[in-house]
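Engineer: whatever this is, show me its structure:
(one chain, ligands or ions: 1)
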Amino acid sequence: MNITIDGQQVQVPGESTILEAARSIGIKIPTLCYHPEYKPEGSCRICLVEVEGARSLVASCVFPVSEGMVVKTNTPNVREGRKTVVELLLANHPEDCLSCQRNLHCELQKIAADCGIRKVRFDGEKKNYRLDADNPALVRDQNKCILCGRCIRACSELQGVNVYTFANRGFHTTVAPAFNAGLHEAACTFCGQCANVCPTAAIVEKDDTKEVWAALNDPAKHVVVQTAPAVRVA
Ligand code: FES
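Structural biologist: Numbers count the residues shown, from 1 in each chain. The predicted model follows:
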């Protein structure tokens, strides 16, 4: 297919999406729910672009290319659309970035900064779910979940374990093991793939560095960790 993106002509295979076509010529479109390893879902709408002739902005990660298509990825309309989507996500997100485990490694935080968001225009009810940390490896904080579904796809498509699913509807939609069980009650193998693909800190590995360090240095266990001597640089 021959299409034009931001004035550049590109030829791509017929089954490509706009996002794939744009990335093939180095045009950057932000994404959250999209992950190159898994089937695209088109749920977050961060990847909005303008297509000539279309009545509204389209999600480029799921929109297929067609012959002669003309796409614009960086118009004021597109930028405003993406900004609104991010603001709506942030309106219902804990404001604890500075103490969050993913601070500076959070995809939502980065996209918000790229969109120039300094203040969220929307305010509303906040989620208030209990932290799921009753297992040896992972911490699940549904208050930070943006419902991108990447963990669901990693757990099912990659690992074949199928622990996670969407539960409930509307504002109360969550991603959780069946019957809203904790991970320690589910068939989770604690492989960590869900934490690996989570764009925020909704699922993170347990940070037990302090406990492990203390246990290793416990004289009762006769294991003492020696740190390397400091090297003086002249
Ligand atoms: Fe396209 Fe989420 S990245 S809809």
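Engineer: and for residue 135, the neighbour number?
Structural biologist: Number of residues near residue 135 (other C-beta atoms under 10 Å) recorded here: 16. Bear in mind the C-beta positions are built from the backbone N, C-alpha and C, glycine included.
Engineer: equivalent analysis for residue 46, please.
Structural biologist: Counted with other C-beta under 10 Å, residue 46 comes out at 27.
Engineer: where does it sit: helix, strand or coil?
Structural biologist: coil (DSSP: H, G, I helix; E, B strand; the rest coil).
Engineer: pretty sure it is touching residue 83, no?
Structural biologist: No. Using C-beta atoms under 8 Å, residue 46 is not in contact with residue 83, being 10.0 Å away.
Engineer: buried ones in the strand or helix carrying residue 78, by neighbour count?
Structural biologist: Residue 78 is part of helix 76-91 when elements are defined by DSSP states H and E. By neighbour count on 16 or more other C-beta atoms under 10 Å, the buried set for helix 76-91 is 78, 81-83, 85-87, 89-90.
Engineer: now the residue nearest to residue 146 when sequence neighbours are not counted: how far from the ligand?
Structural biologist: Spatial nearest neighbour of residue 146, excluding adjacent residues (C-beta to C-beta, 6 or more residues apart in numbering): residue 89 at 5.3 Å. To the ligand, residue 89 is 11 Å away according to C-beta to the nearest ligand atom, to the nearest Å.
Engineer: check residue 204 too.
Structural biologist: 21 Å.
Engineer: same question for residue 161.
Structural biologist: 23 Å.
Engineer: hmm, that residue is touching residue 152, no?
Structural biologist: No. Using C-beta under 8 Å, residue 161 is not in contact with residue 152; the gap is 10.7 Å.
Engineer: who has more neighbours out of those two?
Structural biologist: Neighbour count, other C-beta under 10 Å: between residue 161 and residue 152, residue 152 has more, with 20 against 16.
Engineer: show me the contacts for that one.
Structural biologist: Contact analysis of residue 152 by C-beta atoms under 8 Å, 6 or more residues apart in numbering lists 164-166, 175.
Engineer: pretty sure it sits in a strand.
Structural biologist: No. Residue 152: not assigned to a strand; according to three-state DSSP it is helix.
Engineer: roughly how far does the most centrally placed residue in the chain sit from residue 84?
Structural biologist: Most central in the chain under C-alpha atoms, centre = their mean is residue 199, positioned 2.4 Å from the mean C-alpha point. Counting by C-beta to C-beta, to the nearest Å, the gap from residue 199 to residue 84 is 18 Å.
Engineer: closest to residue 193 among the buried residues of helix 76-91?
Structural biologist: residue 89 (22.8 Å; C-beta to C-beta).
Engineer: who's in contact with the closest one?
Structural biologist: Contacts of residue 89 (C-beta under 8 Å, 6+ apart): 44, 108, 146.
Engineer: could you check how far residue 75 is from residue 1?
Structural biologist: For residue 75, the distance to residue 1 - C-beta to C-beta - is 22 Å.
Engineer: the two: who's more crowded?
Structural biologist: With neighbours defined as other C-beta under 10 Å, residue 75 and residue 1 compare such that residue 1 has more, 16 against 13.
Engineer: would you quantify the distance from the more buried one to residue 168?
Structural biologist: 40 Å.
Engineer: and residue 84, by the same measure?
Structural biologist: From residue 84 to residue 168 the distance is 24 Å (C-beta to C-beta).
Engineer: might you report the residue contacts of residue 187?
Structural biologist: With C-beta under 8 Å, 6+ apart, residue 187 has these contacts: 161-163.
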